[in-house]
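Participant: Next one to model:
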Amino acid sequence: MPTTDLSANQARNVLVTGGNRGIGLAIARAFVDAGDNVVITHRSGEPPEGLQGVTCEVTDSASVDAAFTAAEEIFGGPVEVLVANAGITRDTLLMRMSDDDFDSVIDTNLAGAFRCARRAVTGMIRKRRGRIVLISSVVGLYGSPGQANYAASKSGLVGLARSISRELGGRGITANVVAPGFIETEMTAVLPEEQKKAYLATIPAGRFATPEEVASVVRFVASDDAAYVTGAVIPVDGGLGMGH
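Facilitator: Modelled structure (predicted):
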């Protein structure tokens, strides 16, 4: 029988898209702290201190392929864990949402994850093992006014992960979705105090999560302990979206 577990005692090659800030950065640092080899993708500038990075535009298949090739050269082997985190928002009410507002968010958040997963599995299939973790959002399950584009892109990741699971589960490859709720990041830090209170009132846990709490869940679903978990949607939302 093929070996499906990733060795807990061996450093793995981990690629985190959009790993230069916020949740993506916390995820990247969590894997580094665990002793894994980590490369992040970023669209411009330099990678954060202590991390290796490659530039990547996830809306462009050629750019995705070049980023993976560059990461494989750094690793000296294929990507074994992909965390597809890169994403954008263009929030506006449905009647005011332009085609470009909708298309650009779908192209980055959903099609971008597809492009990265498609490129990643070529190496995973050869090794007969791999982990794909797609970073969604509670909004993808719960919906949100002014975020029809974002919610559609994030809910689409569920179908993507489950289709990958059915196609490649027999090759030792898992694909799961982690769906964060409100997280303490630069984006939530600038919210007006009254808006923060309104959000907090809807969260049973009574607080926002830290990026590190999301990173811990991502590391779990990429671990040996989660070898039999695939096609799952794991909320990290303090109970906000329960039942969805």
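
Participant: does residue 216 really touch residue 27, like I thought?
Facilitator: No: here residue 216 lies out of contact with residue 27, judged by Cβ atoms under 8 Å, at a distance of 9.4 Å. The way it works is simple: take the backbone N, C-alpha and C, and place the C-beta from them, glycine included.

Participant: ok, the two, which is more surrounded?
Facilitator: residue 27 (30 against 14; other Cβ atoms under 10 Å).

Participant: ok, for that one, nearest residue in space, not its chain neighbours?
Facilitator: The shortest distance from residue 27 to any non-neighbouring residue, by Cβ to Cβ, 6 or more residues apart in numbering, is to residue 215 (4.5 Å).

Participant: swap in residue 117?
Facilitator: Distance criterion Cβ to Cβ, 6+ apart; nearest residue to residue 117, sequence neighbours excluded, is residue 132 at 5.5 Å.

Participant: Tell me which helix or strand comes right after the lengthiest strand in the chain.
Facilitator: Longest strand of the chain, by residue count under DSSP state E: strand 173-180. Using DSSP states H and E, the helix or strand that follows strand 173-180 in sequence is helix 186-189.

Participant: how distant is that next one from the center of its chain?
Facilitator: 19 Å (Cα atoms, centre = their mean, to the nearest Å).

Participant: and for it, what are the contacting residues?
Facilitator: By Cβ atoms under 8 Å, 6 or more residues apart in numbering, the residues outside helix 186-189 that reach it are 21, 22, 182, 196, 208.

Participant: let's go with 7 Å and repeat that
Facilitator: 22, 182, 208 (Cβ atoms under 7 Å, 6 or more residues apart in numbering).

Participant: Would you mind giving these as a markdown table with pLDDT added?
Facilitator: Shown next, in a markdown table, are the contacts of helix 186-189 (pLDDT from 0 to 100):
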| residue | pLDDT |
| --- | --- |
| 22 | 93 |
| 182 | 91 |
| 208 | 93 |
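
Participant: Residue 125: which of the residues you listed is nearest?
Facilitator: residue 22 (30.9 Å; Cβ to Cβ).

Participant: isn't that closest one right up against residue 210?
Facilitator: No: look at residue 22 against residue 210 with Cβ atoms under 7 Å: they stay out of range, at 11.2 Å.

Participant: ok, now how distant is residue 35 from residue 233?
Facilitator: 28 Å (Cβ to Cβ, to the nearest Å).

Participant: same deal with residue 205?
Facilitator: Residue 205 is 18 Å from residue 233, by Cβ to Cβ.

Participant: how long is stretch 121-140 end to end?
Facilitator: The first and last residues of stretch 121-140 sit 24 Å apart, counting by Cα to Cα, to the nearest Å.

Participant: what does stretch 48-67 give?
Facilitator: For stretch 48-67, the end-to-end distance is 17 Å (Cα to Cα).
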